[in-house]
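Q: Predicted coordinates and the sequence they were generated for:
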Amino acid sequence: MSRTFLAVVNRAAGGKRCGKQADAVIADLRTKGISVDVVETKSRGHATEIVRAEYANGRTDFMAVGGDGTSYEIVNGLFPEALDGPKPRLALLPLGTGNSFLRDFSKDGAAYAIASLLDGRTRDCDVLRMKHQGGTIFFINLLSIGFAANAAAVTNRRFKRFGPAGYLAGVLVCLLKHERRSFPLQIDGNVQTDDRKCLFLSFNNSKFTGGTMMIAPDADPTDGKIEYIRWGPIGRLGALGQLKRIYDGTHVRHPMAEVRRVSRFDFDLDGPIDVMVDGEVIRIRCESLDVLPGALEVCV
């Protein structure tokens with residue numbers, strides 16, 4: 001197995017902040033003994049293409065230089081092929097906007113990530129798999145539908161350059177519309193469909209979203225489970241009152257919040273919906289969601 005990392009650099013991440021910092025950070029890693037090859041992404045989805053080809057050629061060690069979206073593209077380049085091949089290793093250089101996954105392990109961002117690389121710290125982390133009408137996606141942070149996905153869509157269109165503050169702005173914009181609807185699904189093979197109206201549903205591998213929002217305070221990316229957060233049809237003022245509690249995770253104590261640890265979901269949707277997955281917003285018709293325990297070795 002190669003111990004030379006392929007650093008996949010998204011220079012546009014973090015409002016182009018990544019492009020200004022990446023060269024110096026990678027040069028510093030090299031002086032400290034970390035072997036790194038570098039490739040730059042040119043467009044959305046390019047990281048997935050690069051990584052898929054490199055993994056097929058035998059490379060197993062990758063470094064995401066950017067934000068959560070960069071990691072998401074790399075993971076989708078590794079899977080599903082990595083289910084039948086050598087376990088891949090992913091290092092994180094958080095120079096993007098959200099960097100939510102790494103925050104489960106430290107608030108120190110790039111400093112912690114670099115220390116993990118130098119110390120050789122790794123652990124096996126779960127990967128979540130969503131099958132939809134058009135294919136399959138894989139992710140390591142979270143997937144949300146409903147209000148959270150709508151807020152992410154607004155953020156990406158209008159406020160992404162402002163980082164975590166931009167996500168807050170997106171949330172406030174969506175509060176004005178305050179849509180509540182049903183997303184019919186079955187949980188862990190139960191034949192009974194849950195079609196209650198809700199504000200949002202969140203399927204979490206790790207704790208944070210939007211950089212510092214602790215949407216799933218008890219999620220553990222190594223436990224082989226999906227942390228499921230369901231928010232009932234709370235009113236606009238009630239939702240606004242809970243907003244600040246998302247930052248410390250106490251929002252899940254509200255009577256309209258439900259938290260469960262689940263292995264599988266099967267969806268019964270009548271068409272495509274917007275979903276927010278690892279900081280990216282896509283439109284898909286969800287079919288099933290499950291967890292791949294310990295499928296990815298992460299440098300944390």
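A: Thanks, I have it.

Q: what sits against the closest residue to Glu81 other than its chain neighbours?
A: Closest residue to Glu81 apart from its sequence neighbours, by Cβ to Cβ, 6 or more residues apart in numbering: Tyr55 at 6.1 Å. No exception for glycine: its C-beta is placed from N, CA and C like everyone else's. By Cβ atoms under 8 Å, 6 or more residues apart in numbering, Tyr55 lies in contact with Gly77, Leu78, Glu81, Ala82, Gly85, Pro88.

Q: Recalculate using a threshold of 10 Å.
A: Counting by Cβ atoms under 10 Å, 6 or more residues apart in numbering, Tyr55 touches Leu6, Phe62, Ile74, Gly77, Leu78, Phe79, Glu81, Ala82, Gly85, Pro86, Pro88.

Q: Equivalent analysis for Asp188, please.
A: Asp188 neighbours (Cβ under 10 Å, 6+ apart): Ile226, Tyr228, Arg260, Arg261, Val262, Ser263, Arg264, Phe265, Asp266, Asp290.

Q: so how far is Pro80 from it?
A: Applying Cβ to Cβ, to the nearest Å, the value for Asp188 to Pro80 is 22 Å.

Q: picking up where we left off before, now the residue nearest to Glu81: which helix or strand?
A: Secondary structure assignment for Tyr55, by DSSP states H and E: helix 46-56.

Q: picking that back up, closest one of the contacts of Tyr55 to Ala113?
A: Taking Cβ to Cβ as the measure, Phe62 is the one of the contacts of Tyr55 closest to Ala113, at 13.4 Å.

Q: The closest one touches Ala53, doesn't it?
A: No: counting by Cβ atoms under 10 Å, Phe62 does not reach Ala53; the two are 12.0 Å apart.

Q: Glu297 versus Ala82, what's the distance?
A: As for Ala82, its distance to Glu297 is 10 Å (criterion: Cβ to Cβ).

Q: re earlier: between Phe62 and Ala53, which has more neighbouring residues?
A: Applying other Cβ atoms under 10 Å to Phe62 and Ala53 shows that Phe62 carries more neighbours, namely 24 against 11.

Q: pLDDT wise, what is the more buried one at?
A: At Phe62, the pLDDT value in this model is 98.

Q: How far does the helix or strand it falls within sit from its chain's centre?
A: Here Phe62 sits within strand 61-66, counting by DSSP H and E. Mean C-alpha position of strand 61-66 versus that of the full chain (Cα atoms, centre = their mean, to the nearest Å) differs by 15 Å.

Q: Pull out the buried residues from the helix or strand following it.
A: Using DSSP H and E, the helix or strand that follows strand 61-66 in sequence is helix 68-78. By 16 or more other Cβ atoms under 10 Å, the buried positions in helix 68-78 come out as Asp68, Gly69, Thr70, Ser71, Tyr72, Glu73, Ile74, Val75, Asn76, Gly77, Leu78.

Q: do the same with stretch 22-38
A: Residues of stretch 22-38 classed as buried by neighbour count (16+ other Cβ under 10 Å): Ala22, Val25, Ile26, Leu29, Ile34, Val36.

Q: wait, which of the residues you listed is closest to Thr250?
A: Among the buried residues of stretch 22-38, Val25 lies closest to Thr250 (Cβ to Cβ), at 35.1 Å.

Q: Quick check: pLDDT value at that closest one.
A: 89.

Q: Three-state assignment for it, please.
A: Here Val25 takes the helix state, with states given by DSSP: H, G, I helix; E, B strand; the rest coil.

Q: check contacts around it.
A: Ala7, Val9, Cys18, Val36, Val65, Leu93, Leu95, Ala110, Ala113, Ile114.

Q: For the stretch 1-150 of the chain, just list every one of the helices.
A: For the stretch 1-150 of the chain, the helices defined by DSSP state H, counting those that start in this stretch occupy 17-31, 46-56, 68-78, 110-119, 147-154.

Q: export the shortest one as CSV, just CAs?
A: Pointing back at helix 147-154 there. Output in CSV follows, covering the C-alpha atoms of helix 147-154 (Å, rounded to 0.1, in the frame of the first residue of the first chain):
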residue,chain,number,x,y,z
PHE,A,147,-35.7,22.9,6.3
ALA,A,148,-32.0,22.1,6.7
ALA,A,149,-31.7,21.3,3.0
ASN,A,150,-33.6,24.4,2.0
ALA,A,151,-31.4,26.6,4.2
ALA,A,152,-28.2,25.0,2.7
ALA,A,153,-29.6,25.7,-0.8
VAL,A,154,-30.1,29.4,0.0
